Structures are given as C-alpha cells and as structure tokens.
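> Pasting the sequence and the predicted model now:
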Amino acid sequence: MKYHLASHTAVGGRSSNQDRVAHAERENAVLLAVADGLGGHAGGDLAAEALTQTAVRAFERIKQPLITQPSAFLALTILQAHNAIVQYAKSIASGIAPRTTCVLCLIQEGYAYWAHVGDSRLYHFRNGEVLRRTLDHTAIERLREDGVITEDEMLSHPEKSRLLKCVGGPYKPTISLGEETALQRGDILLLCSDGVWEAFNPNELAAYFDYDSLDEGIEEMFIEAEERRRQACDNMSAVCLEWQDAAPKGPPLQANAALSVDQEALWEIAKNKMLAQKAQVKNSSAKRPKEGSGATSASGSKHRKKSMKRELREIENFIKRLEQK
C-alpha cells in the first residue's frame, strides 16, 4: 500500500487538550483514530486516551493477515473502549463519568471502512470535492437532514454541541458504520474533532490539501481555525491519509451499505457470520478430495480451515470479553 499520512493536535483556546489522535500500521492495513473527550464531564481526556489506546491494541492483536470483518472489528473496538471507560469510572470513588466522541477508519488493501459515535467526523475527498462525510449524532444534524437549517448554519447554531450519543456513560453507544469504500489514487480521508470542522465549510477544508505536503496543509488549517474562532476555538485534532496507490483489484469483503448498530445487533451479526463460516468449513471438508487425488487442494483447504478457526476464536473471545465486563 502506498499512502501519505499526517496527524496533528492542538489545545486551541482551551486550558487543556482533551482530544487524542492515533494511528497504527501493518503491511496491508492502517488504522486511524480521533477521540474528543467531553469537556462537560470530568475525565474526558482519560476517556479519549482509553479509546485511542484500545483501538491501537485491538488492531495490533489481530494475528491474521486480513481482517475479514472490518466493520465488525471497528464496532467491537468501540464497544470494548466503552466498557473500559465505564469500568475505570467504577474503580474510582470520585463519581466521575468520563465520556468521549470518536471516529475510526481502517484502510485495508485499498478499501476504507469507518465507524463513529458523536460529532467527530470523517470526510472523504476526491478531486477537491467532498464525496461524503459522517453524520453527527446531534440534534442540529437532524435539523440539517430535515432541511430546516443549512450546512453553514450548523457552524454557528447554539445547539451545535448537544450530543445525542457518546462513548462512556450509562448507556451502550449506538455506532454508525460507513459503507465499504474503494479508494482511488489521490483520495483524501480526513478524521477530525469538532474543533476543526466547526471553523470551515467542507469546500474550504478541501482547499488545504493543495499544499505541498499533508503536514503543511493540516498546520495551515489549524492556524486558520484558531484565527477564526479565537478564544472560542475548541481543542483541534486531525489525522489525514492521502491514498497514493492504484484502485484495489481484489473483490470487496463486505459490499455493505452504511448502517447503525448497537451491541445486541452486532452480536447477532457476528453470530450469524460465524455460523455461516462454520457451515462453509464443514461443506468444504466434506468435499475434500481423497488422498492421492489432489493433495495440493486438500492441503490448501486444511490451511484455510485452520486459519478460519483461529480467526473465529479471536472474534468469539473478543465478544466474550465484552460481555463479561
């Protein structure tokens, strides 16, 4: 995979930075993460830190060369982070309830998958235009979708910070998952906190990717955001990837549409997929050629069966750990 990557975070007009950014790389995949700890709840920085660290650890724990259920992986990672944040809050006597928003993106073999909770956003740019962005879990996003206010009016609306969903707190998060997206050379993926996007309309953001490097463009974006917002400028965080490889040649893994899932729905999806995979393994075993009539094919089937069993065990153990917390 060929790509350029840049990430930045800044305190803005606040006294401390409760945002966190992270990324992790392997030969055929890269994980990007932005978390924005809720300033109205004590421990927002701890919640954001827990989320980004959980995401990186989950990515690094995968032993198989291919994550075959990318959207489920992202959603499970967010749920694991939620449980870790809640357990931390219970372990201390101060009664704090740390919470955070988040947006995660997995790029694997030329396909992009993303998930988010709250108003941390992902933008997908192509040829200087916004192809899509995540939809905030806020009341004003619903007003925009209903045609009551415009995209520009969202930026100055007094209710723009009122979240409907977050990670941490008493309720399990409902997670929005993006559709599986094939990247083209020159595509830009920008993950950012609201401190960045609330200073610009989407077309203005696109202009910052005309600089000589991603780093320079993001730095200039931050300078302009702070100049526009001044003391009202929130913490600013962004991680950005420019795809520099050809369009993927392999078939999609999911071919899914965008959707929202909670823990119960995700468990049903994972359970059904595991049952289907086990049935496929059973059928493959039944059709395996006899010894001496295609040893290479039998050997390959045996290897695939072992690989699938390992991945199923990882998924099952991952879900069990979530349910035990």
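Yep, that arrived. Numbers count the residues shown, from 1 in each chain.
> and the closest residue to Phe73 other than its chain neighbours, helix, strand or coil?
Of all residues not flanking Phe73 in the chain, Ile67 sits nearest, at 5.2 Å (C-beta to C-beta, 6 or more residues apart in numbering). For every residue, glycine as well, the C-beta is placed using N, CA and C. Of the three states, Ile67 takes coil under DSSP: H, G, I helix; E, B strand; the rest coil.
> contacting residues around Ile67?
Ala29, Phe73, Leu106, Gln108 (C-beta atoms under 8 Å, 6 or more residues apart in numbering).
> can you list the weak-confidence ranges in the protein?
In the predicted model, the chain carries pLDDT under 70 at residues 40-41, 93, 158-161, 263-278, 281, 284-325.
> element containing Gln80?
Element membership for Gln80, per DSSP states H and E: helix 70-91.
> Flag every buried residue along the following helix or strand past that helix.
Downstream of helix 70-91, the first helix or strand assigned by DSSP H and E is strand 100-108. Along strand 100-108, these residues count as buried under the neighbour rule (16 or more other C-beta atoms under 10 Å): Thr100, Thr101, Cys102, Val103, Leu104, Cys105, Leu106, Ile107, Gln108.
> Next, format those residues as JSON lines and append distance to Gly44.
Output for the buried residues of strand 100-108, formatted as JSON lines (distance: C-beta to C-beta, whole Å):
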{"residue": "Thr100", "distance to Gly44": "6"}
{"residue": "Thr101", "distance to Gly44": "10"}
{"residue": "Cys102", "distance to Gly44": "12"}
{"residue": "Val103", "distance to Gly44": "16"}
{"residue": "Leu104", "distance to Gly44": "18"}
{"residue": "Cys105", "distance to Gly44": "22"}
{"residue": "Leu106", "distance to Gly44": "25"}
{"residue": "Ile107", "distance to Gly44": "28"}
{"residue": "Gln108", "distance to Gly44": "30"}
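> Contacts only, for His23.
Leu5, Ser7, Val30, Leu31, Leu32, Ala33, Val239 are the contacts of His23 under C-beta under 8 Å, 6+ apart.
> same thing with Gly39?
Shown in contact with Gly39 (C-beta under 8 Å, 6+ apart): Arg14, Gln18.
> State whether it is indeed within a strand.
No. Counting by three-state DSSP, Gly39 falls outside a strand, being coil.
> Leu214 versus that one, what's the distance?
The gap separating Gly39 from Leu214 is 28 Å, by C-beta to C-beta, to the nearest Å.
> Ile149 now?
Using C-beta to C-beta, we find Ile149 at a distance of 32 Å from Leu214.
> The two: who's more crowded?
A side-by-side neighbour count of Ile149 and Leu214, using other C-beta atoms under 10 Å, places Leu214 first with 23 against 17.
> Quick check: that one touching His8?
No. Between Leu214 and His8 there is no contact under C-beta atoms under 8 Å: 9.7 Å.
> May I have the beta-bridge partners of the residue nearest the centre of the chain?
By C-alpha atoms, centre = their mean, the chain has its centre lying nearest to Leu104, at 1.5 Å. Beta-bridge pairing of Leu104 under DSSP bridges involves Ala33, Ala115.
> just checking, it touches Phe73?
No. The criterion here is C-beta under 8 Å, and Leu104 misses it with Phe73 at 9.4 Å.
> all strands of the stretch 201-325 of the chain, in order?
236-243, 259-261 (DSSP state E, counting those that start in this stretch).
> The last one pairs with which strands?
Right, the one you point to is strand 259-261. By DSSP bridges, strand 259-261 pairs with strand 175-177 (antiparallel).
> and the strand it pairs with, which residues are buried?
Under the neighbour-count criterion of 16+ other C-beta under 10 Å, strand 175-177 has Ile175, Ser176, Leu177 buried.
> Check which element follows it along the chain.
Downstream of strand 175-177, the first helix or strand assigned by DSSP H and E is strand 181-182.
> which helices and strands sit right next to that next one?
Strand 181-182 sits against strand 111-117, with contacts defined as 3 or more C-beta pairs under 8 Å, 6 or more residues apart in numbering; DSSP states H and E.
> which other residues reach the strand it packs on?
Strand 111-117 has contacts (C-beta under 8 Å, 6+ apart) with 70-71, 74-75, 78, 101-107, 122, 124, 134, 137, 165-167, 173-178, 180-183, 189, 191, 248, 252-254.
> tell me the contacts of Val30?
Val30 is in contact with Met1, Tyr3, Leu5, His23, Ala24, Leu106, Ile107, Leu241, counting by C-beta under 8 Å, 6+ apart.
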